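K.L.:
Sequence and predicted model, in that order:
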Amino acid sequence: ADGTNAVEFVGIKDILERGGLSVVVASVTNDLRVQLSKRIEVTADTYIVMEDPADYDVVACPGGVPGAVYFHKSEPLNDFIVGMKAAKKWLAGSSEAACMLFAPNPLVMINITA
């Protein structure tokens, strides 16, 4: 989402890729172009609305404002996360993303530990 913290985005993506995971960047808006903080632009691979939680092992959301606000307001992303939780898959969020995306959703917070 626009306004996502660039350092957190790049850090999460880099660590997962170095760990051998295939990383898919999904946009929560109707635009594949995303402007991170510091005016860094990335192009998402897909739209979250087109993805199925069954195809993924983990969802990781970087923080930053207003990016985390857009994550919070994205119904497709919230549905995706609930689907991941229901399938007992991994959820990860840094800073504001964890607070604004996961914490307000009681379906996500069941049996969550920090």
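P.N.:
Looks like it came in fine.

K.L.:
all strands of the chain, in order?
P.N.:
26-27, 33-35, 41-43, 46-47, 58-61, 90-93 (DSSP state E).

K.L.:
Tell me the helices and strands packed up against the third one.
P.N.:
Contact here means 3 or more CB pairs under 8 Å, 6 or more residues apart in numbering; DSSP states H and E; on that basis strand 41-43 packs against strand 33-35. Backbone N, C-alpha and C define where each C-beta goes, glycine included.

K.L.:
Give the other helices and strands that the strand it packs on contacts.
P.N.:
strand 41-43.

K.L.:
For the nearest residue to residue 58 once chain neighbours are set aside, grab the count of nearby residues.
P.N.:
Leaving aside its chain neighbours, residue 58 sits nearest to residue 90 (3.8 Å; criterion: CB to CB, 6 or more residues apart in numbering). Other residues near residue 90 number 11, with proximity taken as other CB atoms under 10 Å.

K.L.:
repeat for the one 10 residues further on
P.N.:
For residue 100, the tally of surrounding residues (other CB under 10 Å) stands at 21.

K.L.:
okay, the strands of the chain in CSV with mean pLDDT and distance to residue 12 next?
P.N.:
Shown next, in CSV, are these (pLDDT from 0 to 100; distance: least, CB to CB, whole Å):
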stretch, mean pLDDT, distance to residue 12
strand 26-27, 98, 13
strand 33-35, 97, 14
strand 41-43, 98, 12
strand 46-47, 98, 17
strand 58-61, 96, 5
strand 90-93, 92, 8
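
K.L.:
so residue 62 sits right up against residue 14, yeah?
P.N.:
No. With contact defined as CB atoms under 8 Å, residue 62 and residue 14 do not form a contacting pair (11.5 Å).

K.L.:
Can you pick out the residue with more neighbours from those two?
P.N.:
For residue 62 and residue 14, the more surrounded residue by other CB under 10 Å is residue 62, and the numbers stand at 26 against 11.

K.L.:
How about the contacts made by the more buried one?
P.N.:
Contact analysis of residue 62 by CB atoms under 8 Å, 6 or more residues apart in numbering lists 4, 5, 8, 9, 11, 12, 93, 94, 95, 97.
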